[in-house]
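*Asks:* prediction below, plus the sequence it came from.
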Amino acid sequence: MVKFIFIVLCGIVFQLGSADAITRRPSRECLLCHVLWFDDFKTDAQTLLQEKESPIVIAGAVGLASSRKMCDSCHDGYVFDSRVKVIEGNPHHMLKKPPDGFKLPEDFRLDSNNEMYCGTCHTLHDISGGETVGSTPFLRRANERSEMCMACHTGKTEQQGSTNHPVLRKVNYVSSFEGDQRGAQFGPEGEIICQSCHNSHGRRALAAPLSNSTLCLSCHPKEKHLIATKHDLRTTLPEATNIKQKRAVDSGPCGACHVPHNGIGKRLWARRLEPGNLATQMCLSCHGEKSGYQTKRLGNFSHPTNVEPVPNAETPPKLPLYSNGLFKQARGRVQCPTCHDVHRWAPAALAAKDAEKAEGDASNSFLRLSNHSSSALCIECHDDKKQLITSDHNLTVTAPNETNILGFTAVDSGPCGACHVPHNAAGPRLWAQPISGDQDFVSQLCSGCHRPNGAAQAKLIGDNYHPVDVVFKDSSGARAHERADTKLPLYDKDGNRKPEEKIVCMTCHEPHVWNPQKTGALRDYTHANMEGDAADSFLRKANFPSSDLCKVCHADKALVDGSNHDLNVTAPEAVNLLGQTVKESGPCGACHLVHNSPYRLKLWARPYGPVSEQDSIMVALCTSCHSEGNIAANKIPLIATHPEGKLITNIMQFNAEKKDYTLIFDKTGKEVNVGNLSCPSCHNAHRQSLRGNRVKDHSGSDLMEKFLRTLSHKTVCSDCHGPEALFRYQYFHDPVKRAEISKK
Amino acid sequence: MISIRSLHNSASGAGRCPYGILFLVCFWAVFYRPPVLLGQATNPIRVDHVMDIRGGFNQPTEVAIGKTGRIFVLDGANNKVKIFSQNGTFVLGFGNPGTRNGEFDSPVGIDIDAHENIYVADTGNRRIQVFDRNGNYLRKIDLSPWSARPVEVEVQEGSSLVYVSDADNHRILCFQKDGTFNFAWGDLGERLGELRFPGMTATDSRGDVYVVDILNGRVQKFSPHGKNPRQIGELGVLPGQLFRPKGIAIDDRSRVYVSDSYTGLIQVFDKDSKFRGILSTKDALLRLTTPLGLAVDANRRLFVVQSALNKVSVFILLDK
């Protein structure tokens, strides 16, 4: 019994005595770090250590075993070499206190000074799940998908793609990535994770240096073409700083405009933004007037942005469209990056040679497509203008050395750029030629080249040409905007298309379309300065075989088609003063020259015929054909003149309708109220049939198809002579009787 | 039979309770440890601080002294070797990061031969590189066939042998200076002759090889051919014991100096492996910050690399 009590007491005493001591001898492995577990600390022996600490492991407390000093005692190069990884750069702010307000998860520890240290993230007793992809042994949590990183850096994964770089998404990773050598990792399924870019150890916190944006370019290889261009701000704006107050030389070329975290706006933007359309303002943060930088400006006249593509045009297949927030959308709008690839100076395989210094042209300038030889970029949207490339309005062919307002030759600026520049234009319509104050802007659009000493001096319009800058009215007096069927555009002086405005060159001409009946490139454009005809010549409508263009305005003259005065019917081989056959001039052009007529009167296109001193010059228009040796020699009236010297008054001028009334002209061809009759007094040269339909009998035997004017009585004579007209006609127009009278 | 009452009573007078006395005696015998004062046990060996050499180091590991007294510091994290004159004046430096000849990848060990040729354990590149005294590349010993991670190179004075500590395979490799492989010894383990992360080495005048056996907390002394292992120190925290031994140097009196990067102390053993004492200044133990490489020159100056402080401290050994 005594023995029993002694044993029990000894047990009690041992129990008490071991309250502050280790009851089991630790293994040698444990002692390698748990230095205080050496038995010597249970005694009063003076050890080699200065530190005095309880050998008891207290959950959550930091002891010598997990101090940085202990870690370094192996990771100094001899057991493991973590000098460069851990100690040198101190990217994770070891031995520093977490920032104010930083909430450290409970299972992450600080050292005895409340500072971060190795043991904040690591524990020798691995609980992370082992060494797998994206995971490092001895971590306090698994980190395959950056779970551990995000436990602390909570704000870095919000608004991904806008203000923070996306994570946990699969990426097209470039295997030659320099970060490979620095331990960059990806998620188990190839996702980008924090460790893909960040190296918690090492000289820097990034897996690759920023200076050349190697890190960014490893996943964004297409953007590498930005290097050594004008958008590489390291050289072009070396003192400019991003929102992190970093210069480009520090942030790297990508970092000048993008930051992976806490960007502003969208696209991780790193530069100051003015209010407004984000897609535009991003570019204006450098190119805007408020940027303060000596950069390219857009000028007062610049291509519109935040607009839909050209109406009725197909969605440009090769150009991206964007939302206001600069996300690509198939039905988006035209924004700056629609035309510009800001990361690439020259498209495709064109070398970005001297891109930092060279002045850009249509082949580069960060354009997505080269505009150099075929204006491919512009044509993507302005598909309806592409026929210009195969026409004389392509100045790269017809005037290659002609310069635009920016000083670029046509060759450098491309076909479109010769007349239009997207930025810093001289005026509306992005006009690329100087504008003077002598003329309305709309007139200068054509006269800029079609003038003496101009690029198109071989194609002038002469002294006598179709009136321009006049209000359109048809024969009934109706103005264009009052007519539903007006197809031709009218313009104000500033070149704005308005239905109530005036006729200008572009009313009849579409300068981008050589042949209105064709689309796309013209195969028959084989050389510069090809001569046009009535079917092309940049006319908005073909004027052959029918004068469709002229008829839009001169509808009352349209009945000439198919009549004996349609020379395409009666004299197709006849040529006008410009040597054009009817096929080349069109039916109207056989008698009227829109440009370069030697005669102001009716812009007459044929040599005047014989006319007596007493007759009006209007007679000469008719005798230009109806005279001996000319094409209508078989249609010369034997008695053509109304009794001479008989002044008459044009009574029909008082007719309220003034419809096709008998005209009286003076000798100069001016309409007067009192004078002698001439051919056009009785004849309407544009309407052969009084029935108002197409002529069926071209023999001229039908009295109703003799181009006669009439009002109500179907006979022109009766308009003046009343019922006796028939008798007068029978008497005076009988050749025999008339001859006798004449003798008298 | 003893009741609870009688037991209680016996506690009031020891003379009346022989079991109580017995219990106390037993208790004392089991738990009492006589106090040992560190100052008494360490047998301090006096040194005086002479100077510090600061050469823009970044975690240097080892220092070596040439025959002319020049000081060679392996500035490994900077991938450079830096040479100083006897008085600590910078003479020249060479090396850059890389894999080509003359370039380094985090080298850890260095030694100088009798001609002041420089041997560098180019750890990351798994090779030994040899340079002339001016830093011109001479040759290399490729260790990749042995899958070795060299953390130390030791040129035996008076012979053509070169010893290399292979930390990955826990062994010592021996080559001729021209790179011809001689032999190897050691394997992972705790027993005598086995190694666990061999680190710095030293050779004495007889050619014996001293290997710092880091995680075994000891130094092992081998014959020049790796035979007859003997142990100096043991894993522990008492004087004469080693916790993280790193640097080793042998002076002209065959005293063995061993640095401990955790305790910060440098302990001294004699040629018979007996603990002699701990280096001390006038007032206290010389406790340094992460002392690694050691070297003693002909003037009995002790050079200590304090890695975390990025400097080499020089002390004069005052013991006679």
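*Replies:* Received it, and whenever you're ready, just let me know what you need. Numbers count the residues shown, from 1 in each chain, chains lettered A, B, ... in the order given.

*Asks:* ok, which stretches of the stretch 151-300 of chain A are helices?
*Replies:* A:194-197, A:214-219, A:233-236, A:248-255, A:278-287 (DSSP state H, counting those that start in this stretch).

*Asks:* and the third one, what's buried?
*Replies:* The one in question is helix A:233-236. By 16 or more other Cβ atoms under 10 Å in any protein chain shown, the buried positions in helix A:233-236 come out as A:Leu233, A:Arg234, A:Thr236. To be clear about C-beta, it is placed using only N, CA and C from the backbone, and glycine gets the same treatment.

*Asks:* so the first one makes contact with A:Lys246?
*Replies:* No: proximity of A:Leu233 to A:Lys246 does not meet the contact threshold set by Cβ atoms under 8 Å, at 10.7 Å.

*Asks:* on that earlier part again, out of the buried residues of helix A:233-236, which is nearest to A:Asp250?
*Replies:* A:Arg234 (9.3 Å; Cβ to Cβ).

*Asks:* which one is A:Leu559 nearest to, not counting chain neighbours?
*Replies:* Closest residue to A:Leu559 apart from its sequence neighbours, by Cβ to Cβ, 6 or more residues apart in numbering or on different chains: A:Arg687 at 4.4 Å.

*Asks:* can you pull up the most central residue in the chain?
*Replies:* I went with chain A, as the question did not name one. Central residue of chain A (Cα atoms, centre = their mean): A:Cys339, 5.2 Å from the mean position.

*Asks:* ah, no, chain B please
*Replies:* By Cα atoms, centre = their mean, chain B has its centre lying nearest to B:Gly247, at 2.4 Å.

*Asks:* which residues in the stretch 151-300 of chain B form strands?
*Replies:* B:161-166, B:171-176, B:181-185, B:198-203, B:209-213, B:218-222, B:230-232, B:245-250, B:256-260, B:266-269, B:275-280, B:291-296 (DSSP state E, counting those that start in this stretch).

*Asks:* redo those strands as CSV? Include distance to A:Ile405 and mean pLDDT.
*Replies:* As requested, these are exported to CSV (distance: least, Cβ to Cβ, whole Å; pLDDT from 0 to 100):
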stretch, distance to A:Ile405, mean pLDDT
strand B:161-166, 75, 97
strand B:171-176, 78, 97
strand B:181-185, 79, 97
strand B:198-203, 76, 97
strand B:209-213, 80, 97
strand B:218-222, 86, 97
strand B:230-232, 90, 96
strand B:245-250, 76, 97
strand B:256-260, 78, 97
strand B:266-269, 82, 96
strand B:275-280, 85, 94
strand B:291-296, 72, 97
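
*Asks:* gap between the two ends of stretch A:326-342?
*Replies:* Chord length of stretch A:326-342, first to last residue, is 13 Å (Cα to Cα, to the nearest Å).

*Asks:* centre of the chain versus that stretch, how much separation?
*Replies:* 9 Å (Cα atoms, centre = their mean, to the nearest Å).

*Asks:* residues in contact with A:Asn543?
*Replies:* A:Asn543 makes contact with A:Ala534, A:Ala535, A:Leu549, A:Cys550, A:Ser585, A:Gly586, A:Pro587, A:Cys588, A:Gly589 under the criterion Cβ atoms under 8 Å, 6 or more residues apart in numbering or on different chains.

*Asks:* one more time with 6 Å, if that's ok
*Replies:* A:Asn543 is in contact with A:Ala534, A:Leu549, A:Gly586, counting by Cβ atoms under 6 Å, 6 or more residues apart in numbering or on different chains.

*Asks:* and the closest residue to B:Pro291 other than its chain neighbours, how many neighbours does it have?
*Replies:* With sequence-adjacent residues excluded and distances taken as Cβ to Cβ, 6+ apart, B:Pro291 is closest to B:Ser259, at 3.9 Å. For B:Ser259, the neighbour count with other Cβ atoms under 10 Å in any protein chain shown is 29.

*Asks:* next one: phi and psi at the residue nearest to the centre of chain A?
*Replies:* phi -100, psi -30 (degrees, to the nearest 10).

*Asks:* would you check how far apart it and chain B are?
*Replies:* Separation of A:Cys339 from chain B (Cβ to the nearest Cβ, to the nearest Å) stands at 45 Å.

*Asks:* near chain B, which residues of chain A show up?
*Replies:* A:1, A:38, A:40, A:43-49, A:73, A:77-79, A:81, A:83-84, A:88 (Cβ under 6 Å from any Cβ of the partner chain).

*Asks:* and A:Ser413, helix, strand or coil?
*Replies:* helix (DSSP: H, G, I helix; E, B strand; the rest coil).

*Asks:* next, count neighbours for it.
*Replies:* Count around A:Ser413 with other Cβ under 10 Å applied: 28.

*Asks:* picking up where we left off before, thinking the residue nearest to the centre of chain B is in contact with B:Thr201, fair?
*Replies:* No: with contacts counted by Cβ atoms under 6 Å, B:Gly247 stays clear of B:Thr201, the gap being 10.5 Å.

*Asks:* ok, what's across the strand from A:Trp604?
*Replies:* Taking DSSP bridges as the rule, A:Trp604 bridges to A:His592.

*Asks:* still on that earlier bit, can you say which of the strands of the stretch 151-300 of chain B is nearest to A:Gly360?
*Replies:* Shortest distance between A:Gly360 and these, using Cβ to Cβ, is found for strand B:291-296: 58.4 Å.

*Asks:* how much does that closest one deviate in direction from strand B:245-250?
*Replies:* 0 degrees (axes from the mean of the first three to the mean of the last three Cα atoms, to 10 degrees).

*Asks:* what lines up beside the very next helix or strand once past strand B:291-296 in the sheet?
*Replies:* Of the helices and strands lying after strand B:291-296 in sequence (DSSP states H and E), the nearest is strand B:301-306. Strand B:301-306 has its sheet partners listed here by DSSP bridges as strand B:291-296 (antiparallel), strand B:311-317 (antiparallel).

*Asks:* these: which one's closest to A:His372?
*Replies:* Closest to A:His372 of these, according to Cβ to Cβ: strand B:311-317, at 63.6 Å.

*Asks:* so what touches that closest one?
*Replies:* In contact with strand B:311-317 (Cβ under 6 Å, 6+ apart) are residues B:47-54, B:63, B:73, B:300-306.

*Asks:* and what of stretch A:112-131?
*Replies:* Under Cβ under 6 Å, 6+ apart, the answer for stretch A:112-131 is A:62, A:66, A:68, A:71, A:94-97, A:108-109, A:111, A:135, A:137-140, A:142.

*Asks:* check contacts around B:Gln129.
*Replies:* Applying Cβ under 6 Å, 6+ apart, the residues contacting B:Gln129 are B:Val120, B:Asp122, B:Lys140.

*Asks:* go again with 10 Å.
*Replies:* B:81, B:95, B:101-104, B:107, B:118-122, B:137-141, B:153 (Cβ atoms under 10 Å, 6 or more residues apart in numbering or on different chains).

*Asks:* fine by me, thanks again.
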